[in-house]
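**Student:** take a look and give me a structure for this.
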Amino acid sequence: MKNTFGNSVTITLFGESHGDSIGAVLDGIPAGIKIDKAFIENQLSKRRPFDNISTSRVENDNFKIISGLNGEYTCGAPICIIIENENIKSNDYNEIKHLPRPSHSDYSTFCKHGKYGILPGGGHSSGRITAPIVAMGAIAIQILKNKGIFIGTHIKSIYDINDREFSDYKKDIEKLNDACFAVLDDVISQKMQDKIRFVKSQNDSVGGVLETAVIGLDGGVGEPWFDTLEGMLSHGLFSIPAVKGIEFGKGFDITEMLGSSANDELYIQNERIGSLSNNSGGICGGISNGEPIIFRLAVKPTPTILKEQKTVNLEKKENAVIKPSGRHDPCIVHRARVVADSITALVILDMLSQKYGAEGLK
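**Tutor:** Residues are numbered from 1 along each chain as shown. Presented below is the predicted three-dimensional model:
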C-alpha cells in the first residue's frame with residue numbers, strides 16, 4: 001500500500017478511522033520557517049461537523065507535533081503530527097461487518113486486502129484520515145501566504161442550488177477562509193443548509209460541487225507532460241474521499257465554444273503580461289500563466305445512508321440487504337472544502353520546491 005504523495009515535499013499518512021490515532025509526516029520543509037499552531041487548530045475546526053447537517057461524531061482533533069520543530073520554527077527534519085481518536089463507536093459496524101456498503105470503499109478494499117482489511121468505519125480509507133491532511137495543509141498554506149499565494153474554496157453547488165461566481169478574488173477568498181459554511185452568497189448558504197437537512201430527514205444523502213481559486217502564483221510552475229500542474233493537482237485532489245470529477249477553467253463547457261471565444265487573448269500593462277479572459281483556468285500547456293487558477297470538484301453523495309439497499313454477504317457469499325446505523329454525514333461537501341484547500345497547498349508547495357529548491361520556500 002502506498003501512502004506517500006509528492007516529490008520534493010512529501011506527505012505520508014497513517015492510521016485508521018477507529019484506531020487509537022491518525023497522523024501524517026511532512027518531509028522536505030527547510031529549517032527556519034515559523035509555524036503557527038493556532039492556525040493549524042483553526043483549519044482543523046473547519047473540517048469538523050457543522051451544526052445538525054453533519055455526522056454526530058465530533059472529534060476534538062487535539063494534535064501533537066512530535067518532530068520537526070525547534071520551538072516555533074521548523075528545524076529541517078520531517079514534521080510528524082499525531083491526532084488521537086477519542087469518539088469511537090466500533091460496535092455500530094458489528095452487524096454489517098461482512099456487508100459492504102454500496103458505492104463505499106468496503107468491497108474494493110476487500111478485493112485488495114481480503115478479510116483482514118475489513119475495519120470499522122472504513123479503516124484507512126475513511127474520510128477521518130483527511131484530518132492530518134488538513135493539519136499538514138495548514139503548514140503549507142502558511143508558507144504560501146508568506147509568498148503572497150492565497151487559496152480559497154467555496155461550495156459552488158449543493159444538488160441544484162448554486163452559489164455565485166468568484167468576483168473580487170482576494171476579497172472572496174478572505175470571506176471564505178473566515179466562514180464555517182463556505183458560500184459567497186449568504187442567502188444561498190441558508191438554502192443549501194435547508195436542502196441538506198431535508199435530505200437528512202429522508203435518511204438519504206446529497207452531493208455537490210466545490211470551486212477553488214488560487215491567486216498570487218507566478219507563471220512558469222508545472223511541467224509540459226507528465227507532471228503538469230493540472231495533472232499533479234488532480235492526482236492529489238482525487239485522493240479526497242467522494243471526489244469523482246475535476247475541471248479547470250471553463251472545463252467541459254469549453255467544448256461548446258469556438259476557438260475565437262475560448263482563447264484567452266493577451267495584453268501588457270506596466271510591463272505585466274496578462275489575459276483578457278481566463279477560460280483556461282490559469283494553466284496553459286500544463287504550466288501556470290500567472291492568472292488565477294480555477295478548478296471545480298464533483299463530490300458525490302455520501303455512500304452510507306440509512307435506507308435499505310441491496311448488497312452481498314462476503315462471509316456467506318449470498319445476496320443480502322443492508323441498512324446501516326451509526327453516525328454518518330448526509331453531505332460532506334462543506335467539510336471537504338478545507339481538505340481541497342489543503343491538498344492544493346501541498347501540491348503547489350511541492351511544485352515550487354521542485355522549481356526553486358527547498359530554500360526557495362522561505
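
**Student:** looking at residue 114 now. What's its pLDDT?
**Tutor:** Residue 114 carries a pLDDT value of 87.

**Student:** now do the same contact list for residue 273.
**Tutor:** By C-beta atoms under 8 Å, 6 or more residues apart in numbering, the contact set of residue 273 is 266-267, 290. Where C-beta positions appear, they are placed from N, C-alpha and C, glycine not excepted.

**Student:** quick one, phi/psi of it?
**Tutor:** Note on residue 273: backbone dihedrals following degrees, to the nearest 10 are phi -90, psi 130.

**Student:** before we move on, what about the one 5 residues further on?
**Tutor:** Backbone torsions of residue 278, given as degrees, to the nearest 10, read phi -140, psi 50.

**Student:** and if you look at residue 16?
**Tutor:** phi -130, psi 160.

**Student:** where's it relative to residue 138, distance?
**Tutor:** Relative to residue 138, residue 16 is positioned 22 Å away (C-beta to C-beta, to the nearest Å).

**Student:** neighbour count: those two, which is higher?
**Tutor:** Per other C-beta atoms under 10 Å, whichever of residue 16 and residue 138 has more neighbours is residue 138, with 26 against 19.

**Student:** the more buried one belongs to a helix?
**Tutor:** Yes: the assignment for residue 138 (DSSP: H, G, I helix; E, B strand; the rest coil) places it in a helix.

**Student:** pLDDT wise, what is it at?
**Tutor:** Predicted confidence (pLDDT) at residue 138: the value is 98.

**Student:** how about the lowest-mean-pLDDT helix or strand in the chain: buried residues?
**Tutor:** Least confident element among the helices and strands of the chain, by mean pLDDT, DSSP states H and E: helix 106-113 (a mean of 89). Across helix 106-113, burial judged by 16 or more other C-beta atoms under 10 Å covers 106-107, 109-110.

**Student:** again, but for stretch 308-319
**Tutor:** 309, 311, 313-314.

**Student:** a markdown table for those, including pLDDT?
**Tutor:** Putting those into a markdown table (pLDDT from 0 to 100) gives the following:
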| residue | pLDDT |
| --- | --- |
| 309 | 94 |
| 311 | 95 |
| 313 | 94 |
| 314 | 91 |
